[in-house]
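coords please:
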Amino acid sequence: MKSFILLVGLVLISICAASLVVSNPAPPTDLPQYTNGDELVRPQNYREWVFISSGFRLSNNASPAEGATFTNVFVNPSAYKQFLTTGNWPDQTVLVEEKRTSSNKGSLNKAAQFQTDLAGISVKVKDAARFPDKWAYYSFDSSAKTAHANPKAACWQCHHDHGGVDSTYVQFYPTLKPVAQKFGTLREAATGGEAY
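Predicted coordinates:
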């Protein structure tokens, strides 16, 4: 009888412990990380995040430079889930734009462009407690581990003026644009054909 009571007690303790884990989920591990006060640590596993768009030769210049790059945009999963339910980016959103060189010669391909080497990444972070303008922009070459925020003049104004949702180019993210339209968060003025 004592071993039965002991077994029942262990089962009850296990059930209680499991319910605590379910009711108190661990905080997301995809949030921005900083070192030395203000240096952003390069997001290590961003290619495991949610892929939201790709582009080729996106430019706000009428005649883009030669050697145009592909861009692949990823967002941290916790921010993506919240965007789907609100049409807005939550604080601690991290968007990574991966830049890759291109080629049209390789294997059986004779004309179409395809992605090749990593040229660098740009990271956009929403952190209202850290940045007076909510968003900050970082550039990493292909090997940098940390980066300081870019000067405000480098990226902020264009994103602020032309971003479809909260200073982000959602108008170029085909699976998220309809979400923003559904929630009424898309600035329609930003969808009028402006270049990225």
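
ok, Ile52 touching Leu176?
Yes - counting by C-beta atoms under 8 Å, Ile52 touches Leu176, with 6.0 Å between them. Any C-beta I mention is one placed from the backbone N, CA and C, and that applies to glycine too.

Can you tell me the number of residues neighbouring Gly120?
If you count neighbours by other C-beta atoms under 10 Å, Gly120 ends up with 15.

With the one 10 residues further on instead?
The criterion is other C-beta under 10 Å. On that basis, Arg130 has 17 neighbouring residues.

SS state for it?
Look at Arg130: counting by DSSP: H, G, I helix; E, B strand; the rest coil, its state is coil.

Any figure for the gap between it and Ile121?
Between Arg130 and Ile121 the distance is 20 Å, computed by C-beta to C-beta, to the nearest Å.

same check, this time on Trp135
Distance of Trp135 to Ile121, computed by C-beta to C-beta: 16 Å.

before we move on, what about Asn36?
For Asn36, the distance to Ile121 equals 19 Å [C-beta to C-beta].

Between the two, which has more neighbouring residues?
Ile121 (23 against 8).

Tell me how far the more buried one lies from Trp89.
Distance from Ile121 to Trp89, by C-beta to C-beta: 18 Å.

what residues are up against Phe131?
Val125, Ala149 (C-beta atoms under 8 Å, 6 or more residues apart in numbering).

Ile52 and Leu176 - which one has more neighbours?
For Ile52 versus Leu176, the count of surrounding residues by other C-beta under 10 Å is larger for Leu176: 26 against 19.

from what I can see that one touches Phe51, true?
No - using C-beta under 8 Å, Leu176 is not in contact with Phe51, being 11.4 Å away.

show me where the protein has helices.
2-23, 77-86, 152-162, 177-183 (DSSP state H).

tell me which residues in the third one are buried?
Neighbour counts using 16 or more other C-beta atoms under 10 Å place Cys155, Trp156, His159, His162 of helix 152-162 among the buried residues.

Export the residues you listed to CSV and append columns for distance to Tyr46 and pLDDT.
As requested, the buried residues of helix 152-162 are arranged in CSV below (distance: C-beta to C-beta, whole Å; pLDDT from 0 to 100):
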residue, distance to Tyr46, pLDDT
Cys155, 18, 83
Trp156, 21, 78
His159, 19, 82
His162, 24, 80
